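# Turn this into a model:
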Amino acid sequence: MSTAITENIILASVHLSVNELKSGFGAEIHGLDFANGATEEDGRLIEELVKKYGVIVLRRIKLVDETHIQLARMLGELDDVKPYNKAGRKNRLNHDELFDVGNIESDGSIVSPDSPRA
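Below you'll find the predicted structure:
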């Protein structure tokens, strides 16, 4: 049986706690705060943590849509969801850069099993 590791990372602007969820895969990160936006250092850190742990869980990070988009752009090219919207799919989100992968219709109902989205 493996033991999860807790790692502390101290950067110029933040002290992070990294709790490994399972040996070699998955970590919960505490200490990130995006209330004032994301920096290039934040993007590099998240990329390195994903490379190391595969999956990371970020809690209580004060992430608003604009910062979510900013951070996502730091990590790579964003998908274009405009073709989905032009095909008649109503975007429940306020930004085309955020893709809604849920199974909830704009009226709050669950997508029909016969829908192409199901």
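
# Which parts of this structure are strands?
6-10, 15-22, 25-30, 56-58 (DSSP state E).

# how near is residue 84 to residue 17?
38 Å (C-beta to C-beta, to the nearest Å). Yep, even glycine has a C-beta here, placed from its N, CA and C like the rest.

# how about the strands of the chain, which one is nearest residue 79?
strand 56-58 (20.4 Å; C-beta to C-beta).

# So what touches that closest one?
With C-beta atoms under 8 Å, 6 or more residues apart in numbering as the test, strand 56-58 has contacts from 21, 26, 27, 28, 29, 32, 46, 49, 50.

# Would you pull up how far it lies from the middle of the chain?
Its chain's C-alpha centre lies 8 Å from the corresponding centre of strand 56-58 when counted by C-alpha atoms, centre = their mean, to the nearest Å.

# Kindly report the domain assignment for the protein.
According to automatic domain parsing, the chain comprises the domains 6-78, 79-118.

# where among those is the average confidence lowest?
Of all the domains of the chain, mean pLDDT reaches its minimum on domain 79-118 (a mean of 78).

# Tell me the gap between it and the middle of its chain.
How far domain 79-118 lies from its chain's middle: 18 Å, per C-alpha atoms, centre = their mean.

# For that domain, buried residues please.
Within domain 79-118, the residues that qualify as buried are 81, 84, 89, 97, 98, 100, counting by 16 or more other C-beta atoms under 10 Å.
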